[in-house]
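Engineer: just a sequence and a predicted model for now, questions to come.
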Amino acid sequence: MYSFRDQSKEAQKYRLHQMIANIAISGRDMMPDDIAKLEKWIDEDVPQDEVARRLTAEAMTYREQSMS
């Protein structure tokens, strides 16, 4: 078990997979490509604020494409 303050790559990936499990419990799934992308960003030491910016930009692009 990892401490919440542990910022090692292993701890971040552990928390990512806990999040995936929690989402699955609620009856939803994550896309495998999204999981791989998040793991890659962990490996690349992308800061959390940059991860949030990238995910927001992708969501906006997806929304715009689906509305046209």
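Structural biologist: Perfect, I can see it now.

Engineer: so where do the strands sit in the chain?
Structural biologist: For the chain, no strands are identified by DSSP state E.

Engineer: now the helices: where do they sit in it?
Structural biologist: Taking DSSP state H, the helices of the chain run over residues 9-25, 32-43, 48-67.

Engineer: and for the second one, what's in contact with it?
Structural biologist: With contact meaning C-beta atoms under 8 Å, 6 or more residues apart in numbering, helix 32-43 is reached by 9, 12, 13, 16, 20, 51, 54. All C-beta atoms are positioned from the backbone trio N, CA, C, and that covers glycine.

Engineer: which among those count as buried?
Structural biologist: 12, 16, 20 (16 or more other C-beta atoms under 10 Å).

Engineer: quick revisit: let me have the contacts of helix 32-43 in CSV, extended by pLDDT and distance to residue 31.
Structural biologist: Putting these into CSV (pLDDT from 0 to 100; distance: C-beta to C-beta, whole Å) gives the following:
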residue, pLDDT, distance to residue 31
9, 92, 22
12, 93, 19
13, 94, 17
16, 94, 14
20, 95, 11
51, 94, 16
54, 95, 15
